[in-house]
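[1] Kindly generate the corresponding structure for this input.
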Amino acid sequence: MKKILLILSLSVIFLFTACKKEEKIQLSSSEKKSITENGEEDTLKLGFDQAFPPMGFKDDGGEFVGFDIDLAKEVTKKLNMKLELIPISWDAKDAELESGNINCIWNGFTMTGRENNYTFSDPYMKNSQVIVVKDNSKISKLDDLKGLTLEVQSDSTGENTLNSEEKKDFKNSLGNVISVSDYMTALSDLESGGCDAVLIDEVLVRYNIQNGKKIKVLDDNLSDEEYAIGFKKGNNELRDKIQKGLDELKENGKIEEISKNWFGKDISE
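    Now for the predicted structure:
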């Protein structure tokens, strides 16, 4: 009988010890999760299209550079935040934001028409959707594109504009519309004769013309818009934090300085 009682007592002690050990393991895991979450709050995980010069792109040395990247570096430095640059596929940007892989989209990101889909910063630059052709092309107006091939970046503002009811007649007048992964591919196709025209952001076009691209802009633009930083809907805390940094850079002239460095003049709002 004593032997049975001894065995039962040892079993109780073992179970109690095992439970306490499991409790410590769970607490340790919880503490680790808390530390990770706190660390991420101080990191701006910037999602961008790495083929969108001059806002964000990879230079000849393999470094990510651009107007928006320089601006983000200055903002995060001022706010004592870590900056993580994360190149993404542009048509997967919403999934990247929803999953938490990125916590903002900052790369010539048009807020016009998307106001209800994201929490946005204040706009910091104006832009237009324009059509470009080769500089020696006889095409000079939208009507000249009837029956011809137009390229546009997939899931871009340009594509959304083209698919709008307002531009239905113009789209139907075209011979073919091709969606490509990025604008630099579209411009290469234009140069090689793979398409007749490209629907594209004016900011990108002006930069490329300034840097030697043999293209010209048609007089009629398809839409006017504004660039802003997009955050997950409802993430007001991070938006307000970044906006504060932007406002301070605007006041001290840093945004103007970065703009002149990339565009030769201040084109920020």
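[2] Next one, pLDDT for residue 264 please.
    At residue 264, the pLDDT value in this model is 83.
[3] and the gap between residue 119 and residue 233?
    Noted for residue 119: a distance of 6 Å to residue 233, by CB to CB, to the nearest Å. Glycine gets a C-beta too; all of them are placed from N, C-alpha and C.
[4] For these two, indicate the residue with more neighbours.
    residue 119 (19 against 13; other CB atoms under 10 Å).
[5] check which helix or strand covers residue 126.
    Per DSSP states H and E: residue 126 is located in strand 125-134.
[6] Show me how far the helix or strand just after that strand is from its chain's centre.
    Sequence order places strand 149-153 as the next helix or strand after strand 125-134, per DSSP H and E. Chain-centre distance of strand 149-153: 20 Å, with CA atoms, centre = their mean, to the nearest Å.
[7] Does residue 123 touch residue 110 like I think?
    No: using CB atoms under 8 Å, residue 123 makes no contact with residue 110, being 9.4 Å away.
[8] of these two, who's got more company?
    Shown here are residue 123 and residue 110; by other CB under 10 Å, residue 110 has more neighbours (21 against 17).
[9] So the residue lying closest to the more buried one once chain neighbours are set aside versus residue 46, what's the distance?
    Computed as CB to CB, 6 or more residues apart in numbering, the closest residue to residue 110 that is not its neighbour in sequence is residue 157, at 4.1 Å. To residue 46, residue 157 is 19 Å away according to CB to CB.
[10] what's stretch 228-237 in contact with?
    97-98, 103-106, 109-111, 114, 117-124, 238-239, 242 (CB atoms under 8 Å, 6 or more residues apart in numbering).
[11] Select only the buried ones of those residues in ChimeraX?
    Buried members of the contacts of stretch 228-237 can be picked out in ChimeraX with the line below, counting by 16 or more other CB atoms under 10 Å:
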select :97,103,104,105,106,109,110,111,114,118,119,120,121,123,124,238,239,242
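[12] Give me the subset of the contacts of stretch 228-237 lying in helices.
    For the contacts of stretch 228-237, the ones inside helices are 97-98, 238-239, 242, with DSSP state H as the criterion.
[13] Return the member of the residues you listed nearest to residue 256.
    residue 242 (18.5 Å; CB to CB).
[14] The closest one touches residue 121, doesn't it?
    Yes: if you go by CB under 8 Å, residue 242 and residue 121 touch, sitting 6.2 Å apart.
[15] Spatially nearest residue to residue 103 (excluding sequence neighbours)?
    residue 45 (4.7 Å).
[16] Surely that neighbour is in a strand?
    Yes: judged by DSSP: H, G, I helix; E, B strand; the rest coil, residue 45 forms part of a strand.
[17] you'd agree the residue nearest to residue 110 is up against residue 112?
    Yes: here residue 157 reaches residue 112: they are 7.2 Å apart, a contact under CB under 8 Å.
[18] Now for the two: what residues contact both?
    Joint contacts of residue 157 and residue 112 (CB under 8 Å, 6+ apart) are 223, 225.
[19] and for stretch 177-197, what are the contacting residues?
    49, 51-53, 57, 89-91, 131-134, 137, 139, 145, 148-154, 156, 159, 162, 171, 198, 200-201, 204, 208, 213-215, 218.
[20] which parts of that stretch are buried?
    Those would be 177, 180, 182-184, 186-187, 189-190, 195-197, for stretch 177-197 by 16+ other CB under 10 Å.
[21] so how far is it off the chain centroid?
    21 Å.
[22] Can I get it in PDB, CA atoms only?
    The C-alpha coordinates for stretch 177-197 follow below in PDB (Å, rounded to 0.1, in the frame of the first residue of the first chain):
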ATOM      1  CA  VAL A 177      -3.900  46.700 -75.700                       C
ATOM      2  CA  ILE A 178      -1.000  44.800 -74.000                       C
ATOM      3  CA  SER A 179      -0.400  44.700 -70.200                       C
ATOM      4  CA  VAL A 180       3.200  44.200 -69.200                       C
ATOM      5  CA  SER A 181       4.900  43.800 -65.900                       C
ATOM      6  CA  ASP A 182       6.600  47.200 -65.700                       C
ATOM      7  CA  TYR A 183       7.000  50.400 -67.600                       C
ATOM      8  CA  MET A 184      10.600  50.000 -68.600                       C
ATOM      9  CA  THR A 185       9.600  46.800 -70.500                       C
ATOM     10  CA  ALA A 186       6.900  48.800 -72.200                       C
ATOM     11  CA  LEU A 187       9.400  51.500 -73.200                       C
ATOM     12  CA  SER A 188      11.900  48.900 -74.500                       C
ATOM     13  CA  ASP A 189       9.000  47.400 -76.600                       C
ATOM     14  CA  LEU A 190       8.300  50.800 -78.000                       C
ATOM     15  CA  GLU A 191      11.900  51.300 -79.000                       C
ATOM     16  CA  SER A 192      12.100  47.900 -80.700                       C
ATOM     17  CA  GLY A 193       8.800  48.300 -82.500                       C
ATOM     18  CA  GLY A 194       6.900  45.800 -80.300                       C
ATOM     19  CA  CYS A 195       4.200  48.400 -79.800                       C
ATOM     20  CA  ASP A 196       3.200  51.800 -81.200                       C
ATOM     21  CA  ALA A 197       2.600  53.700 -78.000                       C
END
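[23] Thanks a lot, catch you later.
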